[in-house]
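Peer 1: Sequence and predicted model, in that order:
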Amino acid sequence: MSATSRFRFLRTVFACVLGSSIFSSQAQTACPSGQQPLCLGACVCMPVSAQHSETLYEQVQWLAAAGLETWIRQSRDRLALQESQPIPLHIRSQLEPYFDLAVLETARYRVGDDSVLTAANTLLRNPDIVAVTLIDIIVFRNEADALDNVALWAHELKHVEQYLEWGVGEFARRYTRDYSSVERPGYAMELQLEREAALREAGGSTASRHSAE
């Protein structure tokens, strides 16, 4: 992730977690030569040397990761007070070859939580998000996906696996540092399941044609 992309991501994290207008338009702040504006509500001028920029980035990144962790934990705890369901049995049976028992036993789900999904749209940089995993609870936007979308389940269970392996704090740190590296295994698993389903469907169609002949 480039430095520009990292700063944009951190702006997004802060704006969502803290619920305020953070890093407001830098164009409105004039700074002396050799400095640039940094805006967290109010703007201040900071040196632009590589050393100062890297130090500042590390500090902001730490704050963003802490904010993301707080949002994940608080959202999960709120969801835990509401009704949730275990993985549907027909979904679980298809995913047992891919995940440890601890992942399958830990994960639960619910459908539709506008406040969580809306925050996730911004926080996870995806305006079309259809599911989000908060430690061990997966929130699906649509019931059809929760009941039938095996590939999407595989993606979200990969995140449950990551939470179990890394812990919430490390998950937040890695997501803040490079969200694509955290999402990549989930998309790879999702694609694998979709391809396998397509091959099974193609094989079934071929067998049906042969039997008809």
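Peer 2: Thanks, I have it. Numbering: from 1, shown residues only.

Peer 1: what does the average pLDDT come to for the longest helix that the chain contains?
Peer 2: For the chain, the longest helix by residue count, based on DSSP state H, is helix 179-212. Mean pLDDT, helix 179-212: 80.

Peer 1: Name the residues of that helix that are buried.
Peer 2: Using 16 or more other CB atoms under 10 Å as the test for burial, helix 179-212 gives 179, 182-183, 186, 189-190, 193. Heads up, the C-betas are built off the backbone N, CA and C, glycines and all.

Peer 1: Which two of those have the greatest separation?
Peer 2: Of all pairs drawn from the buried residues of helix 179-212, the widest gap by CB to CB lies between Tyr179 and Leu193 and measures 21.7 Å.

Peer 1: how about Arg174, what does it touch?
Peer 2: Residues near Arg174 by CB atoms under 8 Å, 6 or more residues apart in numbering: 166, 181-182.

Peer 1: can you confirm Ile138 is in a strand?
Peer 2: Yes. Applying DSSP: H, G, I helix; E, B strand; the rest coil, one finds Ile138 inside a strand.

Peer 1: tell me the contacts of it?
Peer 2: 107-110, 131-132, 153, 156-157, 160.

Peer 1: mind running it again at 6 Å?
Peer 2: Residues near Ile138 by CB atoms under 6 Å, 6 or more residues apart in numbering: 109, 131, 156.

Peer 1: Going along the chain, name the strands of this structure.
Peer 2: 35-40, 42-47, 85-86, 108-111, 131-134, 137-140 (DSSP state E).

Peer 1: got a list of contacts for the shortest one?
Peer 2: Just to be clear, that refers to strand 85-86. With contact meaning CB under 6 Å, 6+ apart, strand 85-86 is reached by 108-109.
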